[in-house]
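Undergrad: Predicted coordinates and the sequence they were generated for:
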Amino acid sequence: MLFETIKIALRSLFNNKMRTFLSMLGIIIGVGAVIAVISIAVSSREQVTSSISQMGSNLITISPGFRRGRFGGFGSSADNIFTMELGESIVNYCPAVKAVAPNNQTSGYLIAAENNYRVNIVGTTIDYLEINNYSVASGKFFSQYDLDNATDVMVLGSELAEELFGRQSPLGNKITFYYNNQRLVFKIIGVMEEKGMGITGNLNGSAYIPISTYLNKISGSRHIDSFFAQANSSEEAKLAVSQIDYLLFKYTGDRNEYRLMSQDQLLDTINQVTVTMTLMLSGIAGISLLVGGIGIMNIMLVSVTERTREIGIRKALGAKRKHILSQFIVEALTLSSIGGIIGIFIGYFIAYGVANMGGWVLVISLPTVLLAFGFSLIVGLFFGIYPAFKASKLDPVIALSYE
Amino acid sequence: MLRVENLTKVYKNGEIEVEALRGVSFEVKTGEMLAIMGPSGSGKSTLMHLLGCLDTPTGGRYILDGNDVSNLKEDQLAEIRNKYIGFVFQQFNLLSRTSVLHNVEVPLIYNGVRKRERREIAKEMLEKVGLGERLHHNTNEISGGQKQRVAIARALVNNPSLLLADEPTGNLDSRTEKEIMEIFLQLHQQGHTIILVTHEKSIARYAQRIIYLVDGRISREEVVRDAV
C-alpha cells in the first residue's frame, strides 16, 4: 500500500513538473547553502590550521605586557627586562626550551631601482630559521659574523623579492631602507623560501637583518619587541610555557608585565572563531530551509484546493482518511527529499568551486550532508502534515461537487 | 438487498434548516433496476448521496446487503463504498492525466488487491465495456462515451452489490446515450442491481420501476416492465 501511495504521489508530482520544481526550489537553496557554507568553513579551517601546524606547534611568543598609567603618569610597556640577555636566560634556565630568537619589527619602504615597497623589517638571530621552520631559497642567511659586527646585510622574503626584482635575482644588489626620514643601505645576500601564514605574520612580505644591526642603526635602544621560543617538542610546549612563565615571574613579580602565547592557543582561537562563524552562517542557511518549507506548505495547500475533486473521487472510490493523508505526506516528503538531494549536489559544487579558487582541499563531512538532508525531510514532513490533514478531512459530497 | 426506512436528511446552514428528505421508504431487490426521478430540488441528489454512502442520514435507516449503514463512521463508509457500491457520475469523474487502466485500478488499490491481479481484473472489465484497445490512453484523450465506459468499468471492478448511476448520460449526445444505456441493460441482465438517478423520462424508462421524488417525498411509483 505504501508503495502504491508513493507511486500515486510521484505520478502527481511528475504531472506538474513546473510546480514541483518551484516548490522544491526553497529546499534546494536551503540545503545547498547549508552544505556549501559548512564545507567551505571546514575546508578553510583545515587549510589555516594545517598551515599553522606546518610552522610547528612548539612555537611560543614572549612579549611585554602593558602597565596601567597611574597617578597622572602614562601607561608604558614593561620593556625594561626585554633585552638580548633575557633571551639568553630563557635558553639557559628553561630546559624545555630549545632555542630563542628576538623579533624586532618596524615598517618602512624598501627602494630598489625604480621600485619601492612598504615592508616589515625584522631584526633577529640565526635561530629564527629553525624556530619558524624556515629556510633560505637562494643565497644565504646572515651569519654569526654579521651578528657580531652588525653588518648591513639583508635577506628578502619571497614575495618581496618578486615585487622588487621580478624574475631577476636580487642577490648582491644594494637596497635602500627608508624609515623615519633616514636612509639605510643594505646588501642583499639571500632570498627566503615561500611560507604559510602563522603566529609570526606574513613572513613572505618581510625582510630580515641581524638584530645587532637593527638595535644599533634602526631602533637605537637595547629593547627587544618580542621573542620567539621553540620547545624541544610539541609535547613539551606546555612545559616550556610554564618554565618561561616561572622565570619571567621571578624577574618581574607581575604576570601583567609579559605575555606568553603558544601556537596551540592560536589554533584554539582560530577554531573558536570558525566554529562561531559556521554556526552563524548555518543559522542563516537554516532560515532559508525554513522558508523553503513554508514554500512547500504553500504549494501543497494550493495543490489540495486544486485537487479537491480528485480527492472527492478517490474518497468515493473507497479511499480512507489515511490513504489521502499518506498520499499528500508522501508528496511533501518526495518534494523535500528530491530537493534535498539536488541541494546537496549544488552545495557541493559551490564548495568545490570556492575551494578551487582558494586552492584548498575540499572537505565534505558526511554528518553535515546527512544532517542537511534529514532536516529537509523534517521540514517536508512538518509543513506537509497540515495540507495533508486538510485534504483527508474533505467531505466527499462537497469535494465531488467542487468545480 | 437494499432497504430504506423513513429516511430524512436535514442540512443546517447557520440558523436555516433545509429539509432535503422528509421520510423516504422503499426497497430494491437483488438484480432489480430502479430509476429515481424528480425535478431539481426534489432531494434526488441527497438521496443518491445517502444511497451511495457518501453521507449519513439525519433520521431513518438504510440497510444495504443486510448491514445497517445509517450510522457508520467516515472510514467505515469508505470501506462500504469501496466494496459494495460502484459509482457512475454525470461528470465521469475520472482522474485526469492518468491512463484508462490506472483509473480502473484505483478502487482495487484501496481494496488492497495486488498489482498483477489488479491489472488483470481492470483489463477484463475494460474489455467488457469495449475499451480493450485503449488501456494506456490518457483519460483526456478519449471521447465522452468512452470516458463513461471507463467509469462503468471502474464501478464494476470490485464486484459491488449496487451500481449507482447519477445522470450517467447527462453529458452525452443521444447516440452515445443509447450505447451507454445498452451497457446498463446488459449489466442488469447479468444480474447487477442498478439504481439510476435522472430527471429524464427516456432514461428512466430503461428501468423496471420508477420512483418519483417531489419535495423530499416519494410522490408515486410506476412499474415500467416486469423483471427480466
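TA: Looks like it came in fine.

Undergrad: Which residues of chain B lie near chain A?
TA: Contacts of chain B with chain A, taken as CB under 8 Å from any CB of the partner chain, map to B:49, B:52, B:54-55, B:74-75, B:78-79, B:81-83, B:87, B:89, B:93-98, B:106-107, B:109-112, B:154, B:158. (Each C-beta comes from the backbone N, C-alpha and C, glycine too.)

Undergrad: now, which of the residues you listed lie within strands?
TA: Using DSSP state E, residue B:87 are the members of the residues of chain B next to chain A that sit in strands.

Undergrad: Buried subset of the residues of chain B next to chain A, written for PyMOL?
TA: Filtering those down to the buried ones (16 or more other CB atoms under 10 Å in any protein chain shown) takes a single PyMOL command:
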select buried, chain B and resi 49+52+54+55+78+79+81+82+83+87+89+93+94+95+98+106+107+109+110+154+158
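
Undergrad: and the gap between the residue of chain A found nearest chain B and residue B:155?
TA: Residue nearest to chain B within chain A: residue A:318 (2.3 Å; CB to the nearest CB). Residue A:318 sits 11 Å away from residue B:155, going by CB to CB, to the nearest Å.

Undergrad: Excluding chain neighbours, what is closest to the residue of chain B found nearest chain A?
TA: Relative to chain A, the nearest point of chain B is residue B:82 (2.3 Å; CB to the nearest CB). Distances taken as CB to CB, 6 or more residues apart in numbering or on different chains put residue A:318 closest to residue B:82, at 2.3 Å, once the chain neighbours are dropped.

Undergrad: Can you tell me the SS state at the one you found?
TA: Following DSSP: H, G, I helix; E, B strand; the rest coil, the label given to residue A:318 is coil.

Undergrad: Quick one: neighbours of it, just the number.
TA: By the measure other CB atoms under 10 Å in any protein chain shown, the count of residues near residue A:318 is 24.

Undergrad: Residue B:14 too?
TA: 5.

Undergrad: ok, the residue nearest to residue B:82 - contacts?
TA: B:78, B:79, B:81, B:82, B:83, B:107, B:110, B:111, B:158 (CB atoms under 8 Å, 6 or more residues apart in numbering or on different chains).

Undergrad: do the same with residue A:16
TA: residue A:303.

Undergrad: How about residue A:135?
TA: Residues near residue A:135 by CB under 8 Å, 6+ apart: A:129, A:192, A:193.

Undergrad: Let me know the distance separating it from residue A:193.
TA: Distance of residue A:135 to residue A:193, computed by CB to CB: 6 Å.

Undergrad: For chain B, which segments count as strands?
TA: If DSSP E is used as the criterion, the strands of chain B fall at B:2-13, B:16-28, B:33-37, B:59-64, B:67-68, B:85-88, B:162-166, B:193-198, B:209-214, B:217-223.

Undergrad: Give me the longest helix you can find in chain B.
TA: The residue-count maximum for a helix in chain B (DSSP state H) belongs to helix B:174-189.

Undergrad: Report the mean confidence score over that helix.
TA: Across helix B:174-189, pLDDT averages out at 93.

Undergrad: For the stretch 1-150 of chain A, give me the ranges with low pLDDT.
TA: For the stretch 1-150 of chain A, the stretches with pLDDT under 70 are A:1, A:52-57, A:66-79.

Undergrad: cutoff 80 now
TA: Applying pLDDT under 80 to the stretch 1-150 of chain A picks out residues A:1-5, A:8, A:11-12, A:45, A:47-58, A:65-81, A:113-114.

Undergrad: need the contact list for the residue nearest to the spatial centre of chain A.
TA: Centre of chain A computed as the mean C-alpha position; nearest residue by CA atoms, centre = their mean is residue A:45, 4.0 Å away. Counting by CB under 8 Å, 6+ apart, residue A:45 touches A:270, A:271, A:274.

Undergrad: near chain B, which of the residues you listed show up?
TA: Within the contacts of residue A:45, nothing lies near chain B by CB under 8 Å from any CB.

Undergrad: and those, which of them are in helices?
TA: In helices, defined here by DSSP H, the members of the contacts of residue A:45 are A:270, A:271, A:274.

Undergrad: Put the buried members of the residues you listed into a PyMOL selection.
TA: Remark: buried members of the ones in helices among the contacts of residue A:45, expressed as a PyMOL selection using 16+ other CB under 10 Å:
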select buried, chain A and resi 274
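
Undergrad: can you put the ones in helices among the contacts of residue A:45 in TSV and add pLDDT and distance to residue B:185?
TA: Converted to TSV, the ones in helices among the contacts of residue A:45 look like this (pLDDT from 0 to 100; distance: CB to CB, whole Å):
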residue	pLDDT	distance to residue B:185
A:270	79	87
A:271	81	84
A:274	81	80
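
Undergrad: Between the ones in helices among the contacts of residue A:45, which sits nearest residue B:10?
TA: Each of the ones in helices among the contacts of residue A:45 was scored against residue B:10 by CB to CB, and residue A:274 proved nearest at 69.6 Å.

Undergrad: so the closest residue to that closest one other than its chain neighbours is in which element?
TA: Spatial nearest neighbour of residue A:274, chain neighbours left out: residue A:45 (4.3 Å); criterion: CB to CB, 6+ apart. Assessed by DSSP states H and E, residue A:45 sits inside helix A:17-54.

Undergrad: gap between that helix and the chain center?
TA: Relative to its parent chain, helix A:17-54 has a centroid offset of 15 Å by CA atoms, centre = their mean, to the nearest Å.

Undergrad: now swap in stretch A:310-324 and tell me
TA: Mean-position distance between stretch A:310-324 and its chain equals 55 Å (CA atoms, centre = their mean).
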